[in-house]
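Enquirer: Generate a structure from the sequence data that follows.
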Amino acid sequence: MHARRVQRTILVLLALVLSCYLLAGCQVAGRKSDRASHDWSRGQYLGRTILNGPVGFALDPAGDAAYVAWVAATDDGAAQVVHFARLDAAGEVVTERNLPITMMSPSDVELVAGNDGQVHLLWVDRLGDERRLFYTQLDSMGELVRDAQPISLEGLGAARYDAGLAPTGELDVFWCAQEGEGAGLYHLRLTSAGEVAADNLLLAEGGFAPAFRRDQSGLAHLVWYQEPTYGRYYLHYAVFDGEARQLDAAALLTSFPAGGGLVAHRPTIGLAGSDAYVFWALERRGGGLSDPGAESYCVTFPLGRPEQAQAPRQVLLPASNYPEYGRVHTAFNVGELAGVAAQDAAAQFVYLAATSEEHGEQLAVVFSTQLDGRRSSNVQVLLTVWANGELEGYQVAGKTGSSSLRPVLRSGNGNLHVAWIDTAGFGQYDVYYASTAAAARARLNRVTAQDVLAEVADVLWAMTQAVGLIPLTFMWAGAPMIIMAIYLFITVESDLARRGPRVMLVVSILLYVFLKYLTGDYWLGAVDLPGMSRDLVLWLGALTPLIIGGLAGALTWLFMRRREYASLVQTFAIFVACDAVLTLLVYIPGILVE
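Expert: Numbers count the residues shown, from 1 in each chain. Have a look, this model is predicted:
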C-alpha cells in the first residue's frame with residue numbers, strides 16, 4: 001500500500017513537471033538562461049546554428065545596438081544560410097532575417113561594425129573545388145548594400161582569419177591558406193565601402209590561425225601559428241606596420257607538441273595597460289588511457305617587446321559551480337569577482353578563450369570552463385579579469401543546462417557583451433547573448449509568467465528526484481530483512497533483551513548503511529554544504545550517511561527504551577523509517593539548489 005502511494009506521488013509530480021515544461025516551452029523565442037551572477041543579464045536565446053563555431057558578433061560604435069550572425073539551415077533543411085539579427089541596447093531582437101545570399105557550405109562567420117552605420121560581413125565558403133573568403137556589406141538593419149564577392153586569392157584554400165577596423169575606418173583582414181602553393185598568412189585592406197584598398201599580400205609563409213588586437217595608438221598586434229613540423233606548433237607574435245604593410249618585432253613566443261590526440265585551438269591576444277596577453281589551448285579528446293580535457297596557457301610581455309615574454313603558464317580556474325564573490329572595482333561594469341586560491345580544484349576543461357577588443361587598464365577574457373556542481377558537471381562561460389600580467393579574479397557569466405562553447409566577447413562604454421553557442425542535440429547549437437549593460441539586465445532579468453512556469457517545473461523535477469530516494473530505502477532494507485528472516489527462522493529469538501538479536505540488529509544496520517554507499521553515486525554529493533573548502537565538503541559528504549545512521553540509531557534507541565518489549569524486526573523498521581526521513585531532510589535542499 002505504501003509503495004503504491006509513493007508511485008502515485010511520483011507519477012503526479014512527473015505529470016506536473018511535464019505540464020509546466022510544455023507551458024513554459026510554448027514561447028521558445030523568449031527562452032532565457034539562468035542568471036549566473038549579479039553583474040550579468042540572463043542569456044537571451046536568439047536562434048539555432050548548425051555549426052560548432054563562433055558566431056559573428058559586433059557592437060555598433062554608438063553603443064545602442066549589437067549585431068549577431070550565424071549559419072543556419074532553411075526551414076526545409078535543403079540549404080544553408082547566414083541568419084542576421086540586430087539587438088537593441090536592452091538585448092531585444094529588433095529585426096532578424098536570412099540573408100539572400102546563395103551559399104554552398106558557409107563557415108567562420110564574422111561581423112565588423114563600421115563607423116558610418118555599415119556592417120561588414122565575412123565568411124568562408126566553397127567556390128568550385130576550393131574554399132574562399134567572402135565579403136559583403138549590410139546596413140544596420142541587415143539589408144544587403146553590396147553583392148557578395150570572394151576576396152581571398154584564387155587557387156588557395158582559405159581557412160581562419162581575423163578582421164577589424166583601422167583608425168582610418170578601413171577594414172584590415174588577416175587570413176590564411178594552409179594548402180596550395182603560396183600557403184601562409186596574408187593581409188588585405190578594404191575601404192569602408194568594401195572596395196579593395198590594398199590587395200592581398202603574403203606576410204608570413206606557412207603562417208595560419210591569425211588573431212590581432214589594436215592598441216590605443218592604432219598599432220595592430222598580431223599572433224599566429226607557424227606550420228607545424230615534427231608534431232610541434234610554433235606560436236609567433238609581431239607588430240603590423242599598417243603603412244608599410246610588414247611585420248615588425250616578429251618573434252617566436254613558444255612552441256609545444258600537439259600530436260597524440262591533442263588539438264591546438266586558435267590563439268588569441270588581448271591588450272591591457274602596457275602589456276600584451278596571448279592565450280592558446282590544447283584539448284585532449286580522449287582515446288587510449290588519457291581522459292578528455294583541455295588546458296589554456298598564457299604568456300605576457302610588454303607591448304612590442306616579445307623578447308621580454310615570461311614563461312608560458314597554465315590558466316587555472318576553479319571547478320566550483322558556486323564561487324564566493326567579493327566586491328571589487330574594475331574598468332568594466334563588473335563589481336564582484338571570485339579569487340583563485342592555490343587549494344582550489346582546477347577545472348578539467350578551460351579553453352576557447354576570447355578577449356575584449358578595447359585596450360584599457362584591464363583585460364576581460366572569457367573561457368569555456370567545466371564547472372562541477374553537487375551532482376553533475378557542465379561547461380559554462382566564465383569571465384576573467386587581468387591586469388599587470390596577472391589574473392585578478394573570475395566570475396560565471398552564463399549558466400545553462402548544457403555545454404556552453406565558442407564564446408565571443410565584445411566591450412564598449414564599460415559594458416561587456418558575450419555571445420556563445422549551447423549544445424542542443426546532434427549537429428544543433430543554440431545561440432545566446434548576455435550583457436552587463438543596465439538596460440539588458442533590466443529587461444532580461446525581469447521575471448515573466450514563462451519564467452515562473454519553468455522554475456516551478458524545475459522545482460517539481462528536483463522534488464521528483466528527491467522523492468525517488470524513498471524506493472531506494474526498500475532496496476537498502478531488503479538484504480538486512482532477508483538476513484533477519486533467516487536468523488529468526490533458525491533461532492526463533494526476537495527479544496532485544498538477548499545478546500543474539502542485539503548483534504543481529506547491529507549487523508543489519510551496518511549492512512543497510514553499506515548498501516547506501518554502494519548506490520550513492522548520483523545522490524551522495526547532493527548534500528548542501530555552502531561556504532566550506534572542497535576537501536571538507538568531500539569528507540563531510542562521505543561521512544554523511546554514517547552521521548545520519550548514527551542519528552537514526554539514537555532516535556530509535558530513545559523510542560524503544562520506553563517500551564517494555566523491543567523486538568528485532570520492529571526496532572529495525574523504526575531505524576529505517578528514521579533514517580529515510582533524515583536522509584530526505586538532509587539531501588532535498590542540495591537537490592533543489594542544483
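Enquirer: For the rest of this, base every contact and every neighbour count on C-alpha atoms.
Expert: OK.
Enquirer: okay, and for the stretch 1-150 of the chain, where does confidence drop off?
Expert: Scanning the stretch 1-150 of the chain for pLDDT under 70 picks out the ranges 1-30.
Enquirer: residue boundaries of the helices in it?
Expert: 2-24 (DSSP state H, counting those that start in this stretch).
Enquirer: In it, mark out all the strands, start to finish.
Expert: Under the criterion DSSP state E, counting those that start in this stretch, strands of the stretch 1-150 of the chain are mapped to 44-49, 56-59, 65-73, 80-88, 93-98, 107-113, 119-127, 130-138, 144-150.
Enquirer: Neighbouring strands of the second one in the sheet, and parallel or not?
Expert: Going back to what we said before, that points to strand 56-59. Taking DSSP bridges as the criterion, strand 56-59 forms sheet pairs with strand 65-73 (antiparallel).
Enquirer: From the rest of the structure, what touches the strand it pairs with?
Expert: The contact list for strand 65-73 (Cα atoms under 8 Å, 6 or more residues apart in numbering) reads 48-51, 55-60, 79-89, 91, 106-107, 109-111.
Enquirer: quick revisit: so which of the strands of the stretch 1-150 of the chain comes closest to L382?
Expert: Across the strands of the stretch 1-150 of the chain, L382 has its closest neighbour in strand 44-49 (16.7 Å, Cα to Cα).
Enquirer: Show me the contact partners of the closest one.
Expert: Applying Cα under 8 Å, 6+ apart, the set of residues contacting strand 44-49 from outside is 29-33, 70-73, 91, 93, 428-434, 444.
Enquirer: Make a PyMOL selection of whichever of the contacts of strand 65-73 turn out to be buried.
Expert: Buried residues within the contacts of strand 65-73, by 16 or more other Cα atoms under 10 Å, are selected in PyMOL with:
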select buried, resi 48+49+50+51+55+56+57+58+59+60+80+81+82+83+84+85+86+87+88+89+91+106+107+109+110+111
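Enquirer: Test my guess that S140 contacts N115.
Expert: No: contact criterion Cα atoms under 8 Å: S140 and N115 do not qualify, at 11.0 Å.
Enquirer: More neighbours: those two, which one.
Expert: Set S140 next to N115 and count neighbours by other Cα atoms under 10 Å: S140 wins out with 20 against 15.
Enquirer: what's the more buried one in contact with, if anything?
Expert: S140 sits next to 86, 117-119 when contact means Cα under 8 Å, 6+ apart.
Enquirer: Which members of these are classed as buried?
Expert: By 16+ other Cα under 10 Å, these give 86, 118-119 as buried.
Enquirer: Just the helices from the stretch 301-450 of the chain, written as ranges.
Expert: Using DSSP H, counting those that start in this stretch, helices in the stretch 301-450 of the chain cover 438-444, 449-467.
Enquirer: Lowest average pLDDT across these?
Expert: Ranked by mean pLDDT, the helices of the stretch 301-450 of the chain bottom out at helix 449-467, with a mean of 62.
Enquirer: tally of neighbours for the closest residue to P323 other than its chain neighbours?
Expert: In space, and not counting its chain neighbours, P323 is closest to A338: 6.1 Å by Cα to Cα, 6 or more residues apart in numbering. If you count neighbours by other Cα under 10 Å, A338 ends up with 19.
Enquirer: quick one: contacts for A338?
Expert: Neighbour list for A338: 323-326, 393-395 [criterion: Cα under 8 Å, 6+ apart].
Enquirer: what stretches of the stretch 151-300 of the chain score poorly on pLDDT?
Expert: In the stretch 151-300 of the chain, residues with pLDDT under 70: 287-289.
Enquirer: try it again with 80
Expert: When residues are selected by pLDDT under 80, those of the stretch 151-300 of the chain lie in 179-180, 230-231, 258-261, 286-290.
Enquirer: ok, which stretches of it are strands?
Expert: Counting by DSSP E, counting those that start in this stretch, the strands of the stretch 151-300 of the chain are 157-165, 171-179, 184-190, 196-205, 207-214, 220-229, 232-241, 246-257, 262-272, 275-284, 293-302.
Enquirer: And the contacts of the third one?
Expert: What it means is strand 184-190. Residues contacting strand 184-190 (Cα under 8 Å, 6+ apart): 170-178, 196-208, 210, 245.
Enquirer: Now do the same contact list for R266.
Expert: Per Cα under 8 Å, 6+ apart, neighbours of R266: 209-210, 280-281.
Enquirer: Buried ones among the residues you listed?
Expert: 209-210, 280-281.
Enquirer: Go through the residues you listed and say which is closest to T136.
Expert: P210 (21.0 Å).
Enquirer: Name the nearest residue to the closest one, ignoring sequence neighbours.
Expert: Distances taken as Cα to Cα, 6+ apart place W224 nearest to P210, at 4.4 Å, with adjacent residues excluded.
Enquirer: Beta-bridge partners for that neighbour, please?
Expert: Here W224 sits in beta bridges with H236, as judged by DSSP bridges.
Enquirer: P267 is in contact with that one, correct?
Expert: Yes: using Cα under 8 Å, W224 makes contact with P267 at a distance of 6.7 Å.
Enquirer: Overlap in contacts, those two.
Expert: Shared contacts of W224 and P267, defined by Cα under 8 Å, 6+ apart, are found at 209-211.
Enquirer: Reformat those residues as TSV; add distance to D422.
Expert: Compiled in TSV, the shared contacts of W224 and P267 are given as follows (distance: Cα to Cα, whole Å):
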residue	distance to D422
A209	24
P210	25
A211	24
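Enquirer: if I look at P167, how far off is G242?
Expert: For P167, the distance to G242 equals 10 Å [Cα to Cα, to the nearest Å].
Enquirer: One more: G304?
Expert: For G304 relative to G242 (Cα to Cα), the value is 15 Å.
Enquirer: what's the residue most central in space within the chain in contact with, if anything?
Expert: Nearest residue to the geometric centre of the chain (Cα atoms, centre = their mean): Q380, 2.0 Å. Residues in contact with Q380, defined by Cα under 8 Å, 6+ apart, are 368-371, 396-400, 403-405.
Enquirer: Now render the residues you listed as a markdown table, adding neighbour count and pLDDT.
Expert: Output for the contacts of Q380, formatted as a markdown table (neighbours: other Cα atoms under 10 Å; pLDDT from 0 to 100):
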| residue | neighbour count | pLDDT |
| --- | --- | --- |
| S368 | 25 | 98 |
| T369 | 29 | 97 |
| Q370 | 27 | 96 |
| L371 | 24 | 94 |
| V396 | 25 | 96 |
| A397 | 26 | 96 |
| G398 | 28 | 94 |
| K399 | 22 | 93 |
| T400 | 19 | 93 |
| S403 | 19 | 95 |
| S404 | 27 | 97 |
| L405 | 25 | 97 |
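Enquirer: remind me which residues of the stretch 301-450 of the chain are low pLDDT?
Expert: Scanning the stretch 301-450 of the chain with the threshold set as pLDDT under 80 gives 342-344, 373-376, 447-450.
Enquirer: Tell me where it has strands.
Expert: Using DSSP E, counting those that start in this stretch, the strands found in the stretch 301-450 of the chain span residues 313-315, 326-327, 336-337, 350-355, 363-372, 377-387, 390-396, 404-412, 415-423, 429-435.
Enquirer: before we move on, the earlier item: so which of the strands of the stretch 151-300 of the chain has the densest surroundings on average?
Expert: A comparison of those by mean neighbour count, using mean count of other Cα atoms under 10 Å, puts strand 207-214 on top with a mean of 26.
Enquirer: Measure how that strand sits relative to strand 220-229, angle-wise.
Expert: Interaxial angle, strand 207-214 versus strand 220-229 (axes from the mean of the first three to the mean of the last three Cα atoms, to 10 degrees): 160 degrees.
Enquirer: and strand 207-214, what does it pack onto?
Expert: On a contact count with 3 or more Cα pairs under 8 Å, 6 or more residues apart in numbering; DSSP states H and E, strand 207-214 meets strand 157-165, strand 171-179, strand 184-190, strand 220-229, strand 262-272.
Enquirer: redo that, cut-off 10 Å
Expert: If you count contacts as 3 or more Cα pairs under 10 Å, 6 or more residues apart in numbering; DSSP states H and E, strand 207-214 packs onto strand 157-165, strand 171-179, strand 184-190, strand 220-229, strand 232-241, strand 262-272.
Enquirer: Parallel or antiparallel, which strands does it pair with?
Expert: strand 220-229 (antiparallel).
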